[in-house]
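Asks: Just need the structure, nothing else, for what follows:
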Amino acid sequence: MDTAETLLDRARAAGATIATAESCTGGMIAAAITDIAGSSAVFDRGFVTYSNAAKTQMLGVAPKTLEAHGAVSEAVAAEMAAGALARSDATLAVAVTGIAGPGGSDHKPEGRVCFALARRGAAPVAETVEFGPRGRTAVRAATVAHALDILIGALPG
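Replies: Model (predicted):
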């Protein structure tokens, strides 16, 4: 079974609904979920917040968080996930922000992606994954796969 299908089956069984907040993937996580027929029973909405202004305006990410940590940080990912949850009817939200490439820096290298999961009644949980300089397409695909896995892991098996 496809990962997105597994996610939808588990979410449906748990009565969970999902929102996404995406930067470096530009909506690819939402697309992976909504590619599956029947996803409307589980998928509430997706936010594509590529710019810092969009993160602030659409998700409520604090400008001071962006200034202190930069867009590619666990702090920003956590605020993105919390904002997506607060601005939706979902019970779970996943957020991603990263450097898909090409490029990056010594401080924030290509392939670094910060993820966060928010659920009703709990503080967001964030993590950073270093996918390495695989190239833009591969980093984005790996990000989508990992985000789906995070959502699956948040649901009863």
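
Asks: State the distance from Leu148 to Ala75.
Replies: 23 Å (CB to CB, to the nearest Å). The way it works is simple: take the backbone N, C-alpha and C, and place the C-beta from them, glycine included.

Asks: And the helices in this protein?
Replies: For the chain, the helices defined by DSSP state H cover 3-14, 28-34, 52-59, 63-69, 74-86, 136-153.

Asks: and the angle from the fifth one to helix 52-59?
Replies: Meaning helix 74-86. 40 degrees (axes from the mean of the first three to the mean of the last three CA atoms, to 10 degrees).

Asks: Show me what counts as buried in helix 74-86.
Replies: Going by neighbour count (16 or more other CB atoms under 10 Å), the buried part of helix 74-86 is 74-85.

Asks: any idea which of the residues you listed is closest to Phe115?
Replies: Distance to Phe115, by CB to CB, is smallest for Ala77 among the buried residues of helix 74-86, at 6.0 Å.

Asks: That closest one touches Ala118, doesn't it?
Replies: No. Using CB atoms under 8 Å as the test, Ala77 is too far from Ala118 to be in contact (9.8 Å).

Asks: Show me whatever sits in contact with both of these two.
Replies: Common neighbours of Ala77 and Ala118 (criterion: CB atoms under 8 Å, 6 or more residues apart in numbering): 95, 124.

Asks: one step back: same list (the buried residues of helix 74-86) but as a markdown table, adding distance to Lys55 and pLDDT.
Replies: As requested, these are exported to a markdown table (distance: CB to CB, whole Å; pLDDT from 0 to 100):
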| residue | distance to Lys55 | pLDDT |
| --- | --- | --- |
| Glu74 | 14 | 98 |
| Ala75 | 12 | 98 |
| Val76 | 7 | 98 |
| Ala77 | 10 | 98 |
| Ala78 | 12 | 98 |
| Glu79 | 8 | 98 |
| Met80 | 6 | 98 |
| Ala81 | 11 | 98 |
| Ala82 | 12 | 98 |
| Gly83 | 8 | 98 |
| Ala84 | 11 | 98 |
| Leu85 | 15 | 98 |
